[in-house]
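Visitor: sequence and computational prediction follow.
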Amino acid sequence: MSAVAAISFVFTSTGNRLYAEMAKIVMDEAKAGHKVSPFSPSPTPAAETGGRTMLGKVLVGYQGWFAPGEVGGSEPWRHYGIKGKFGEGSVVVDMWPDVSELDADERYPTPFHHADGRVAEVFSSANPKTVDRHFRWMKEYRIDGAFLQRFGVWLKDPDMKPFTDRVMDNVRQGAGNHGRQWAVMYDLSTLNKGDIEKYIIPDWKRLVDGKKIRADRQYLQHGDKPVVAVWGIGFDDGREYTLEECLALVRFLKNDPVYGGNAVMLGVPYWWRLLDRDCMHSPLVHELISEADIVSPWAVGRQTTPAQALTREKDPIAPDVDWLAKRKLDYLPVAFPGFSWYNLEQALGTKRGVFNQVPRLGGEFLWSQAVAAKRGGAKMLYVAMFDEIDEGTAIMKVSQDPPTGKDRFLTYEGLPSDYYLWLTGQIGRLMRGEIPATDTVPKRE
């Protein structure tokens, strides 16, 4: 998922309301702007996880939307706090990043303090050293690469484009330095009718012509074609852009003589095959999917326990795989380690958020989803997300000693801060058939 991907978590009508609230936050941020200098490196990538296919790979979502502000200053905070502010009562993250390995120029002070009085610090997605470090972790734990979320709502604001591009350049450089793969994932959330043609298509042309991203040796390939993901197609939650616009985008990315020739991956609702529940009740959804190459149903929030997750093997994964195989399409299921957006609810004043809403259970929940995917016939997996501390779905290193105060932060409950990086690497081994699909989580030596 992408990426205001966080937004599409739906348990109940509360989830739909939070979707609208989160979308408004993103729109407000885009209007406020966050100016940075453009940064356009020319990476010389390594080719370590190469191969011109996604099969056998585990890929993660990379939000890349965290930007520290100034303590007591006017520079806004991005995705740490609400409406540019970051302090008690304005927090929107439910995890605190572990910055212990970061250099001094990668750590940014906040108004928060740890129990021993130390100033609590965070990271920036605009800092190339930190993004490089994230991709170094991916290499260390054998995670194949990342889908970089590219938010359509930010492409609408010229003040946000430099930040968005800088994060992408950081990802290109990090992937190249550490032999990981990467690809663009456009998140259509909150776009209006007409915005796909006005903003998404021109942006892809600019990335191909100006940034030449498809020339990167580390740009993700599938079936010898560069992969482009489009997230947010077919969701029955009142989106303003149309299925017809989405179909035109897919055909452009597939068939345009200059900018086409791509393997198109679609982020779709969980019940896409049945055109039910979270999916629009339109046969055009199936027509759209049939013209793509890879289908990735959004699973966050669709199960909440390991027992529920294991049922995915027979419904919907195996039938999904069969439906797609008959049409020569590939399947990328989504797994997530847990979920919590308690602090966001508090910041919005609703106070209805449940802390640790989907517990991780020491990795059992994430592992059970991966096992169900493997047993159901999936040959690759998307883990949501690498750095999503807003919703508590991150697998990156998070602090086991978060700040004190009235805001609450999840930890890995006594497990090492790198545990979910390690477990995601084990899931890669599972998908490649190197270890069996066991009912219990692998033991770490």
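Guide: Great, that's in hand. Numbering: from 1, shown residues only.

Visitor: what ranges does the chain have for its helices?
Guide: Ranges of helices within the chain are 13-32, 128-140, 152-155, 161-178, 195, 201-206, 243-255, 284-290, 306-310, 317-325, 342-348, 364-375, 419-431, based on DSSP state H.

Visitor: so which of those comes closest to Arg217?
Guide: Among these, the nearest to Arg217 by Cβ to Cβ is helix 161-178 (7.6 Å). C-beta: built from backbone N, CA, C; applies to glycine.

Visitor: leaving out sequence neighbours, find the closest residue to the residue nearest the centre of the chain.
Guide: Nearest residue to the geometric centre of the chain (Cα atoms, centre = their mean): Gly61, 3.1 Å. Residue nearest to Gly61 in three dimensions, not counting chain neighbours: Met385, with 3.9 Å by Cβ to Cβ, 6 or more residues apart in numbering.

Visitor: related to what we said a few turns ago, export the helices of the chain to JSON lines and tack on distance to Leu275?
Guide: Formatted as JSON lines, the helices of the chain follow (distance: least, Cβ to Cβ, whole Å):
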{"stretch": "helix 13-32", "distance to Leu275": "19"}
{"stretch": "helix 128-140", "distance to Leu275": "36"}
{"stretch": "helix 152-155", "distance to Leu275": "24"}
{"stretch": "helix 161-178", "distance to Leu275": "33"}
{"stretch": "helix 195", "distance to Leu275": "25"}
{"stretch": "helix 201-206", "distance to Leu275": "27"}
{"stretch": "helix 243-255", "distance to Leu275": "12"}
{"stretch": "helix 284-290", "distance to Leu275": "6"}
{"stretch": "helix 306-310", "distance to Leu275": "22"}
{"stretch": "helix 317-325", "distance to Leu275": "12"}
{"stretch": "helix 342-348", "distance to Leu275": "31"}
{"stretch": "helix 364-375", "distance to Leu275": "22"}
{"stretch": "helix 419-431", "distance to Leu275": "28"}
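
Visitor: show me where this protein has strands.
Guide: Counting by DSSP state E, the chain has strands at residues 58-62, 108-113, 119-122, 145-151, 181-187, 221-222, 225-231, 263-268, 294-297, 330-331, 334-335, 381-383.

Visitor: Glu434: which of those strands is closest?
Guide: Closest approach to Glu434 among those (Cβ to Cβ): strand 58-62, 11.8 Å.

Visitor: packing partners for the closest one?
Guide: Packing contacts for strand 58-62, counted by 3 or more Cβ pairs under 8 Å, 6 or more residues apart in numbering; DSSP states H and E, involve strand 145-151, strand 181-187, strand 381-383, helix 419-431.

Visitor: and Lys314, what does it touch?
Guide: By Cβ atoms under 8 Å, 6 or more residues apart in numbering, Lys314 lies in contact with Gly376.

Visitor: quick one: contacts for the residue nearest to Gly61?
Guide: Met1, Ala5, Val60, Gly61, Tyr62, Gln63, Phe336, Thr393, Ala394, Ile395.

Visitor: just give me the least confident of these.
Guide: The weakest per-residue confidence within the contacts of Met385 falls on Ala5 (38).

Visitor: so the residue nearest to the centre of the chain makes contact with Arg150?
Guide: No - at 11.5 Å, Gly61 does not count as touching Arg150 under the criterion of Cβ atoms under 8 Å.

Visitor: sorry, back to before: could I get the helices of the chain as TSV with distance to Leu220 and mean pLDDT?
Guide: Shown next, in TSV, are the helices of the chain (distance: least, Cβ to Cβ, whole Å; pLDDT from 0 to 100):
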stretch	distance to Leu220	mean pLDDT
helix 13-32	25	44
helix 128-140	13	98
helix 152-155	20	95
helix 161-178	9	97
helix 195	25	98
helix 201-206	15	98
helix 243-255	14	98
helix 284-290	20	98
helix 306-310	26	97
helix 317-325	19	98
helix 342-348	31	93
helix 364-375	19	98
helix 419-431	15	98
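
Visitor: Asp237: which of those is closest?
Guide: Of all those, helix 13-32 comes closest under Cβ to Cβ, at 6.1 Å.

Visitor: quick one: pLDDT of the residue lying closest to His286 once chain neighbours are set aside?
Guide: Excluding its sequence neighbours, the residue lying closest to His286 (Cβ to Cβ, 6+ apart) is Leu275, at 7.4 Å. We note a pLDDT of 98 for Leu275 in this prediction.

Visitor: next up, the contacts around the residue nearest to Asn192 when sequence neighbours are not counted.
Guide: For Asn192, ignoring the flanking residues on the chain, the nearest one in space by Cβ to Cβ, 6+ apart is Glu240 at 4.8 Å. Residues counted as contacts of Glu240 (Cβ under 8 Å, 6+ apart) are Leu191, Asn192, Lys193.

Visitor: bridging across strands, which residues link to the residue nearest to Phe386 when sequence neighbours are not counted?
Guide: Distance criterion Cβ to Cβ, 6+ apart; nearest residue to Phe386, sequence neighbours excluded, is Val60 at 4.2 Å. Bridge pairing for Val60 (DSSP bridges) gives the partners Ala146, Val383.
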